[in-house]
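**Student:** I'd like to go over a predicted model; first the sequence, then the structure.
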Number of protein chains: 2
Amino acid sequence: MKVLIIEDDPLHRSYLNEAIRAALPECDGVLEAENGNTGERLARDLRSSHIVMDLQMSQRNGIEAARTIWKERPETRILFWSNYSDEAYVRGVSRIVPAGAVYGYVLKSASDDRLKLALRSIFIESQCVIDREVRGMQQKSLGNVNGFTEAEYEILIDIALGLTDRAIAQRRNLSVRSVQNRLQQLYVKLGVYQPLGGQDDDGRFNLRARAVAVAFLRKLLNHSALERAEADLSAWLARQPRD
Amino acid sequence: MKVLIIEDDPLHRSYLNEAIRAALPECDGVLEAENGNTGERLARDLRSSHIVMDLQMSQRNGIEAARTIWKERPETRILFWSNYSDEAYVRGVSRIVPAGAVYGYVLKSASDDRLKLALRSIFIESQCVIDREVRGMQQKSLGNVNGFTEAEYEILIDIALGLTDRAIAQRRNLSVRSVQNRLQQLYVKLGVYQPLGGQDDDGRFNLRARAVAVAFLRKLLNHSALERAEADLSAWLARQPRD
DNA sequence: TGGGACCTTGCGGGTTCCCGCAGAAAAGAT
DNA sequence: ATCTTTTCTGCGGGAACCCGCAAGGTCCCA
């Protein structure tokens, strides 16, 4: 068994390397890649099916890399080892994990033992391991207490990208009014909606822009999510005939 | 001489610790804090005037911490040791460094030697050290090729927070029309302006929201900048009498 | 088979945004 | 002191946004 590390911080990389050797004596080789691109290439060339990777790398982020890796070989086992449990990341990951895949998500703040345990669980015992904090995030994200529907998330991204109502309607195959409905719904959930009576900060906020701000502050959105969305968008735009 | 480390990643912390001991044999003590809050407290209690800190920590970010530390003791020497050279960070730092202060900004990707050299330069020779990449950022940011005025940056933040034109006018003591002028100017600089003829993506983008998106993608804005801005905003709102 | 919950769509209108035009005011330059 | 350049400001109007109201649609459950 060989393990591939994809992580851009050299310190973390060597730490991981040691941890893997210690936790998995049956492993006969550890490879390292320092960004998503070379990681993908190595995974393809060497047919690695055991990967540990960071999300948030400068060159090409972990989610992108994982997506293409899983697309080529869905049985690959991936342990995500990340600093953050931002909703944007958690959601991003759970959107790309193939049905039945074995994977893990542990935070860098977790203890040594925890990491080693996760390594064994995933790579040896074929069992998923998701940190409790991350799982909490998932619950909140998928359950509905303070949770966002796919539709709501979608429209949040669309306004974060700066699309107009009309463009969103076109993109999502809806009428303009429906788009506005979803927006209203989003505003309510984000707590930026102003129910007419409230003279408090009335008129101070542009709801559309405010919603994006709040989403960022709550880490519903982050840089890499935006980047992905922007890439999707420009692909769609290119596909769009001149109206 | 004692050195205080403020850094939330334990690996990086211990690496820093070693580097400091190696580079500064004359130093007789290294202290560690794992977030901005305890860092500030330690700095105050122990009167540390030699600090190495990360920007981007979860509890309280480096810029906040540095601001209060420098407010209390402007002669403190601070070396910022960060992963990123985002314009938002660079600008954030240069906004708070007191006149004549000795400080440094080196990237975590820099070599061992580079870090040690920076430590000696700043703490022993009282000389500022700013990584070339960061300096490049500063140039771009302060010079005006693709650079943003303070005014433009200010209004960018205001719309990113979700304020309306009217609210911005109030906050910045301008007429609404002036705010809109500045917005137009910003749109031009961000390349989102649509000069009437362009039927290309005409109407696809909401300029206001698009500007924020582009700013995020270009790292003119980032999470911690938004957080700071949000804090400033709510302070201002509290100070604002009911209109 | 008839509610109930939810989503979609059209209509209408009040508000905000976007911005060309043009005059006043401020800041520099010669 | 005068000229230029930049910034601020009001006016006006077209477009986009925000949203209450109300009429279908769909899906599920009893």
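**Tutor:** Here it is on my side, so go on.
**Student:** chain center to the helix-or-strand element of chain A with minimal mean pLDDT: distance?
**Tutor:** When each helix and strand of chain A is scored by mean pLDDT, DSSP states H and E, helix A:132-142 comes last, with a mean of 78. Between the centre of helix A:132-142 and the centre of its host chain there is 13 Å, according to CA atoms, centre = their mean, to the nearest Å.
**Student:** in the helix of greatest length in chain A, what's buried?
**Tutor:** Counting residues, the longest helix in chain A under DSSP state H turns out to be helix A:223-239. By neighbour count with 16 or more other CB atoms under 10 Å in any protein chain shown, helix A:223-239 contains the buried residues A:223-230, A:233. Using the backbone N, CA and C atoms, a C-beta is placed for each residue, glycine as well.
**Student:** what about it and chain B, touching?
**Tutor:** Yes - applying CB under 8 Å from any CB of the partner chain, one finds helix A:223-239 in contact with chain B at A:223, A:226-227, A:230, A:237.
**Student:** Tell me the confidence at A:Glu230?
**Tutor:** For A:Glu230, the model assigns a pLDDT of 95.
**Student:** correction: A:Gly92
**Tutor:** For A:Gly92, pLDDT reads 87.
**Student:** got it, and A:Leu237?
**Tutor:** 89.
**Student:** how close does it get to B:Ile155?
**Tutor:** 27 Å (CB to CB, to the nearest Å).
**Student:** rewinding a little: now the buried residues of helix A:223-239 in a markdown table, with distance to B:Glu32?
**Tutor:** Formatted as a markdown table, those follow (distance: CB to CB, whole Å):
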| residue | distance to B:Glu32 |
| --- | --- |
| A:His223 | 28 |
| A:Ser224 | 30 |
| A:Ala225 | 33 |
| A:Leu226 | 34 |
| A:Glu227 | 34 |
| A:Arg228 | 36 |
| A:Ala229 | 38 |
| A:Glu230 | 39 |
| A:Leu233 | 44 |
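**Student:** wait, is A:Ile51 part of a helix?
**Tutor:** No - secondary structure of A:Ile51 (DSSP: H, G, I helix; E, B strand; the rest coil): strand, not part of a helix.
**Student:** Domain-wise, how is chain A divided?
**Tutor:** What automatic domain parsing lists as the domains of chain A is A:3-142, A:150-239.
**Student:** close to DNA strand C, is the longest one?
**Tutor:** No - contact between domain A:3-142 and DNA strand C is absent, the nearest approach being 14.7 Å (criterion: CB under 7 Å from any atom of the strand).
**Student:** Same check on the shortest one?
**Tutor:** Yes - when contact is scored as CB under 7 Å from any atom of the strand, part of domain A:150-239 falls within range of DNA strand C: A:151, A:174-178, A:181-182, A:203, A:206.
**Student:** List buried residues within those.
**Tutor:** Buried among the residues of domain A:150-239 next to DNA strand C by 16+ other CB under 10 Å: A:174, A:178, A:182, A:206.
**Student:** what's the distance between the second one and A:Ile168?
**Tutor:** Using CB to CB, A:Ser178 is found at 10 Å from A:Ile168.
**Student:** and if you look at the first one?
**Tutor:** Remark: distance between A:Leu174 and A:Ile168 (CB to CB) = 7 Å.
**Student:** and A:Val129, what are its bridge partners?
**Tutor:** A:Gly104 (DSSP bridges).
**Student:** measure it to B:Leu24 for me?
**Tutor:** Relative to B:Leu24, and taking CB to CB, A:Val129 is found at 41 Å.
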